[in-house]
Structures are given as C-alpha cells and as structure tokens.
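Q: Predicted model and sequence below, questions to follow.
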There are 2 protein chains.
Amino acid sequence: MKTLKIPEATIIRLSVYSRHLTEVDRKGIITTSSGDIAEGVGVSPAQVRKDLAYFGEFGTRGVGYNVKDLRQHILRILGLSVDWSVSLVGAGHLGLALSTYKGFRERGFIITSIFDADPQKVGTMVGNVEVLPIDQLIVVAKQNRTQIGIVAVPAAVAQDITDQLIKAGVQAILNFAPVVLNVPPEIELRNVDLAVNLEVLTFNVGAQRF
Amino acid sequence: MKTLKIPEATIIRLSVYSRHLTEVDRKGIITTSSGDIAEGVGVSPAQVRKDLAYFGEFGTRGVGYNVKDLRQHILRILGLSVDWSVSLVGAGHLGLALSTYKGFRERGFIITSIFDADPQKVGTMVGNVEVLPIDQLIVVAKQNRTQIGIVAVPAAVAQDITDQLIKAGVQAILNFAPVVLNVPPEIELRNVDLAVNLEVLTFNVGAQRF
DNA sequence: ATAGATATGTTAATTATATCACTAAGGAGA
DNA sequence: TCTCCTTAGTGATATAATTAACATATCTAT
C-alpha cells in the first residue's frame, strides 16, 4: 500500500476545484485548463497541476482537462462517489443551519439523525428528520451506520457528546464547539471555530504592527 | 516598521491558546508553562514557545508564564483589546446562529447591524438589533463605522453583498458562502466553507487508498 | 552560597510545501 | 507532413514551517 503523504492544503484546494468545476460544467463548458482553474479559484496554475499530480494524470498535454471527467475524478478522490450517513447533535440555530444547508446533500452527506437535549425540541421535525433525545444517540446512530458526527452543542457538553458518537461507531467528527476535543487517533476530527476565524481577521487588519 | 512574516497557523494557534488560558484562569491557576499549554491544546511545547517568540518574551525562564498576563498579551496581539463593529448580512439560520453566538461578544465582536433581503425578516429583532433591508446596508454600515462584514447569504448574491460591504468601508470579511469572492488586496478575507470541512474528513477516512 | 531542577528563548536541523523551469505530448494550420 | 503553439506532468529549487537541541535564567533546598 502506497502511503504518499498528501498535504491537507491540497485536499482543501481539491474540494474548491471540484466546486468550481461544477459551476463550469453547469455553464456547458467542455474543456478547461490548469490556468483557467487557477484563475477561477485564485491559485497558481502550477499549484493546480501539482495537486492533481498526487493522484494521477487527468489531462491531455496541449489540450487541458475534460471538465466532467476531472470533476468526477476529484469527487472520487475526496470520497464523494458514495453517500455518507451523518448524525447531527444539537438542533440550535447552528444545527438547523447545517441541516438545511443544501450543499451537504448535493455532495452526498445525508443527515440521518438529529439529537438535542432540549425536551421542547425533541419530537419536532427538521426537514424530514425527527429530533431525538440524546439518550438515543448511541443506539440510533449505530443502527443508521452513521459514519460522521457533527457536534453543534455548547462547549460544556461537547466532549461527552463526542464520546457518545465514538461509542456509536462514527469514523469522523466535525466539531463546532470552541473546545479542544480528545479523540482516539483512528477518529478523524476537524474543528470549525467561528471566533478563531474572526480573530485571524482582526490580527491581519492590525498586523502592520509586526 | 518591521514586517516580520508570521504564519497564519501561528495566529490560529494563538487564538486557541488564549481560549485555553481563559479556561485555566477561570480555574484560578496563576502560573502555567509551554508544556501545560501544549498538553491542553494538543500541540508541542516548542511550538507554543515559537509562536509566542514572534511577538516578544512573555515568560520567566525556569518558571513559566503568568496566566492572566499571557492571556492579555495574546488578546492584544490578536487585536482584541478593543471592540470591533460587525455587520451581519443574512438572517437565515446561519446568521441567527452567528448573531446569538456568545463567543463573539465575549471576545469583543459587537454585531451592530443585521441585513436581510427577505421582507418578512426585515423589521424583526435579533437580540437587540433590528433586521434592516439590504438597500440600507451601505449607509447604515458606514454610519456604524463597521470594520468587519459577515457574509451569510446564498452563494448567488455573495459577491454583490461583498461589494456593498466594501463600499461601506469594512476592512475585513468573513464569508460563509461557498464561492470564491473577489476583493481588493487591502481587504482581509476569510472563507468558512462547511462542505469543504466535511470533505477533508471523508478524504481522510478513506485515505489509506493513497 | 551552591547545586540541582525546571522552563524559557533562540539557533540549528529537519521536514513540508509551493514555485519555477523544463520536457513531453497533442492540435491546428501552412 | 512539418512547424508552431499550447498545456500537462515533473524534477529541481526555493521558501516556509515545524521540530529538536541547547544555552540562559530563575527558583528551591541544603
């Protein structure tokens, strides 16, 4: 098994490329080039080719790339040629925003269960999914063969929820709570910290100081 | 003016350190060390010291760091020793999630205006801020000396909203729409793409393939 | 006082990432 | 068919970031 290490930045860019290619394809354009893609997403052409080169040869020299083909290749690389069963924990505003976000379903992320601690919310419908109490998390997520858990709960309970998701057998966790979660090494974890993002901005706005 | 280049990863970590230090301070702990911080946030002690070294000497050899002091230093570095006026565009679930997110206000991000295109939403109150129509964006945001704009609108209108925010004089934009925005170089831009985050996870879950 | 233990700040080494420059291959037009 | 133009793929180079190693400074205990 080849274990070539691929930079995370490359994966993020591939995701952006694929989104861009979806747009380009929608416009009916058949062929594109590393230069076109680069311009469309704001990177260098060499970067585009290098990113793709980790995974194979998808273009034709002197010509470019077939838009549909390249898009499919990238989706397969990202693991998006199959659907993913996602469990959402926390049905607050953020949870609702995530569950109604069209981009998820389009890319094959199917929210199969939603949990919340608030008895008022339990039993309500979000789209076509019923909000369930937390104490059903492990059983239901396991039943649904949930692969990805989204943590959209207050920081104070985020670790507990995470532990339950892992007990339910998820392989990956997307965490929105502003805490550092502890997970075993075989679990993939990503954190989206909204305040951190604003703080990078404020640093940069004032960064002349340094 | 010294223009030492500081890695963005360092800024992100500083933000995490400061959050960690807030917790530690809340527990009444007076002194900490690069090792403690490293353990608390999951990086190496050398990394912590290196990150801080970009900005000065904040500790005492053989002793460590005063928690309150270091926290204050980092907040100042991040530009959080003053409040920031933030304008939120888009009062959907995501917008509401952001506007009710306590972490923002705690860190000095004050949402001073909210705009939405939906006439049904215009006039409603979000917290103590009234939702205004988009056509008041430029005037009101300018009045409020808005420094940061948050774009939480559909992808199709994100560029137009961004242009208006820039006309209103914002210095930085946090974009949640899944599109590549064009902004002049003096405007700080950060993108939070929820689908990209999930896709990095799915890639990593299946990454044995490569 | 002094020795030992501890933890910072900093320089050096290593590793990772991005850029550049070149080679190879396909297409179009004379 | 041959030449020129274009663009992918790639190895070499440059840059950036992380890790490791160490010298310096402080505290404690004897």
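A: That came in fine, so what should we check first? Residues are numbered from 1 along each chain as shown, chains lettered A, B, ... in the order given.

Q: Helix or strand with the lowest mean pLDDT in chain A?
A: helix A:102-106 (a mean of 89; mean pLDDT, DSSP states H and E).

Q: Only the buried residues of the helix or strand just after that one, if you could.
A: Once the chain leaves helix A:102-106, the next helix or strand it forms, by DSSP states H and E, is strand A:109-116. Neighbour counts over strand A:109-116 (16 or more other Cβ atoms under 10 Å in any protein chain shown) mark A:109, A:111-116 as buried. Backbone N, C-alpha and C define where each C-beta goes, glycine included.

Q: Adjacent strands (with direction) for strand A:109-116?
A: Strand A:109-116 sits in its sheet next to strand A:84-89 (parallel), strand A:129-133 (parallel), going by DSSP bridges.

Q: what number of residues lie near the closest residue to DNA strand C within chain A?
A: Nearest residue of chain A to DNA strand C, counting by Cβ to the nearest atom of the strand: residue A:62, 2.8 Å away. Per other Cβ atoms under 10 Å in any protein chain shown, the neighbour tally for residue A:62 reads 5.

Q: Before we go further, it is sitting in a strand, right?
A: No - in this structure, residue A:62 is coil, not part of a strand, as judged by DSSP: H, G, I helix; E, B strand; the rest coil.

Q: Any chance of the backbone angles for it?
A: Here is the backbone geometry of residue A:62 (degrees, to the nearest 10): phi 80, psi -10.

Q: Could you do the one 4 residues further on as well?
A: When quoted as degrees, to the nearest 10, the phi and psi of residue A:66 stand at phi -70, psi 130.

Q: domain ranges for chain A?
A: Under the assignment automatic domain parsing, the domains of chain A span A:8-77, A:84-196.

Q: possible to save those domains as CSV with distance to DNA strand D?
A: As requested, those are exported to CSV (distance: least, Cβ to the nearest atom of the strand, whole Å):
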stretch, distance to DNA strand D
domain A:8-77, 3
domain A:84-196, 14
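
Q: Tell me which of those domains sits most buried.
A: domain A:84-196 (a mean of 19; mean count of other Cβ atoms under 10 Å in any protein chain shown).

Q: hang on, the earlier thing: format the domains of chain A as JSON lines; extra columns: distance to residue B:120.
A: Output for the domains of chain A, formatted as JSON lines (distance: least, Cβ to Cβ, whole Å):
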{"stretch": "domain A:8-77", "distance to residue B:120": "29"}
{"stretch": "domain A:84-196", "distance to residue B:120": "16"}
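
Q: With residue B:52 as the reference, name the closest of the ones you listed.
A: Each of the domains of chain A has some distance to residue B:52 by Cβ to Cβ; the shortest is domain A:84-196, at 17.2 Å.

Q: Endpoints of that closest one, how far apart?
A: Domain A:84-196 has an end-to-end distance of 28 Å (Cα to Cα, to the nearest Å).

Q: residues contacting residue A:170?
A: The contact partners of residue A:170, by Cβ atoms under 8 Å, 6 or more residues apart in numbering or on different chains, come to A:87, A:141, A:146-149, A:187.

Q: mind checking the SS state of it?
A: Applying three-state DSSP: residue A:170 is coil.

Q: Give me the contact list for stretch A:27-40.
A: With Cβ under 8 Å, 6+ apart as the criterion, stretch A:27-40 contacts A:17, A:20-21, A:23-24, A:44-49, A:52, A:59, A:63-68, A:70, B:180.

Q: next one: stretch A:196-210
A: A:178, B:1-4, B:6, B:8, B:11-12, B:14-16, B:54-55, B:77-80, B:84, B:86, B:104, B:107, B:109, B:147-148, B:171-174, B:188, B:190, B:192.

Q: Show me what counts as buried in that stretch.
A: So stretch A:196-210, judged by 16+ other Cβ under 10 Å, has buried residues A:196-207.

Q: Flag the least confident of the residues you listed.
A: Least confident entry in these, by pLDDT: residue A:207, with 66.

Q: how about the helices in chain A?
A: A:8-26, A:34-41, A:45-53, A:67-77, A:93-99, A:102-106, A:137-143, A:155-167, A:194-205 (DSSP state H).

Q: can you tell me which of those the model trusts least?
A: helix A:102-106 (a mean of 89).

Q: OK, contacts around residue A:138?
A: A:164, A:167-168.

Q: Phi first, then psi, for the nearest residue to it once chain neighbours are set aside.
A: Computed as Cβ to Cβ, 6 or more residues apart in numbering or on different chains, the closest residue to residue A:138 that is not its neighbour in sequence is residue A:168, at 4.7 Å. In terms of degrees, to the nearest 10, the main-chain angles of residue A:168 are phi -80, psi -10.

Q: Residue A:168 against residue A:137, yeah?
A: Yes - using Cβ atoms under 8 Å, residue A:168 is in contact with residue A:137, at 6.3 Å.

Q: which residues are in contact with both of the two?
A: residue A:87.

Q: Show me which residues of chain A sit near DNA strand C.
A: For chain A, the residues in contact with DNA strand C (Cβ under 7 Å from any atom of the strand) are A:5, A:7-10, A:43-44, A:46-47, A:50, A:60-63.

Q: list the contacts for the closest residue in space to residue A:157 that isn't next to it in sequence?
A: Nearest-residue entry for residue A:157: residue A:117, 7.4 Å, with adjacent residues in sequence omitted and distances by Cβ to Cβ, 6+ apart. Applying Cβ under 8 Å, 6+ apart, we find residue A:117 in contact with A:133-134, A:153, A:157.

Q: so residue A:148 makes contact with residue A:87?
A: Yes - here residue A:148 reaches residue A:87: they are 7.2 Å apart, a contact under Cβ under 8 Å.

Q: Quick one: end-to-end distance for stretch A:83-100.
A: End-to-end distance of stretch A:83-100 (Cα to Cα): 17 Å.

Q: try stretch A:170-185
A: 13 Å.

Q: For residue A:129, give its distance to residue A:85.
A: Separation of residue A:129 from residue A:85 (Cβ to Cβ, to the nearest Å): 12 Å.
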